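> Provide a 3D model corresponding to the input given below.
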Amino acid sequence: MVWAALLAVPLLLFVGVMAARQGSTIIGGVLVIGTIVCGIGTLPALSSRLDVEWDAAGLAGPSQVYGPFILFGRNRIGWDEIVELGGTGFNYAYVAAADGRRVHWTELHVPPGRLFAMLQRRRPDLLPAAIR
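Presented below is the predicted three-dimensional model:
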């Protein structure tokens, strides 16, 4: 997904500039401005601050899932503190502690199945019967 965005941004900028040079300033301007806004929106996805790390004590990762705030907060939650496993409307999975702390992730930052395999070993009570 990120690679597609990285390839699409320069292409759409080029098309927008060419449209503006050919006299379609409204179409060109909309393409250029829209591409810049969307391109800036994908930049946080390239940060290693979104990676989730885990060890024998627990896991640590991003505490936010929306826009530029995604890079600001990180939480650490112990395996025994986890009370909920869920998902958001933005296709992020998360684990939550009783005090409201969350760690969010997507398959972009955690290889598919690796964290769920660790959760299955550490906290099988959280996973639905279909996954166990």
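
> In space, what's closest to the residue nearest the centre of the chain - neighbours in sequence excluded?
When Cα atoms, centre = their mean is applied to the chain, the residue found nearest the centroid is residue 106 (5.2 Å). Setting aside the residues directly before and after it, residue 106 is nearest to residue 92 in space (Cβ to Cβ, 6 or more residues apart in numbering), at 5.5 Å. C-beta coordinates here come from the backbone N, C-alpha and C atoms, glycine included.

> Now for the residue nearest to the centre of the chain: which residues touch it?
Residue 106 makes contacts with 50, 91-93, as judged by Cβ atoms under 8 Å, 6 or more residues apart in numbering.

> I'd like to know the phi and psi angles of it, please.
phi -130, psi 170 (degrees, to the nearest 10).

> Next, find the distance separating it from residue 72.
Computed with Cβ to Cβ, to the nearest Å, the distance linking residue 106 and residue 72 is 17 Å.

> If you count neighbours, what's buried in stretch 122-129?
Applying a neighbour-count criterion of 16 or more other Cβ atoms under 10 Å, one finds 122, 126 buried in stretch 122-129.

> contact partners of it?
Stretch 122-129 is contacted by residues 79, 82, 84-85, 95, 116, 119-120, 132 when judged by Cβ under 8 Å, 6+ apart.

> do that again at 6 Å, thanks
79, 82, 85, 120, 132 (Cβ atoms under 6 Å, 6 or more residues apart in numbering).

> got the CA positions of that stretch in PDB?
Provided in PDB are the C-alpha atoms of stretch 122-129 (Å, rounded to 0.1, in the frame of the first residue of the first chain):
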ATOM      1  CA  ARG A 122       0.800 -15.800  25.800                       C
ATOM      2  CA  ARG A 123      -2.900 -15.100  26.100                       C
ATOM      3  CA  PRO A 124      -5.000 -17.800  24.300                       C
ATOM      4  CA  ASP A 125      -8.000 -16.600  26.300                       C
ATOM      5  CA  LEU A 126      -8.200 -13.400  24.200                       C
ATOM      6  CA  LEU A 127      -8.400 -15.000  20.800                       C
ATOM      7  CA  PRO A 128     -11.700 -16.200  19.300                       C
ATOM      8  CA  ALA A 129     -12.200 -19.900  19.100                       C
END
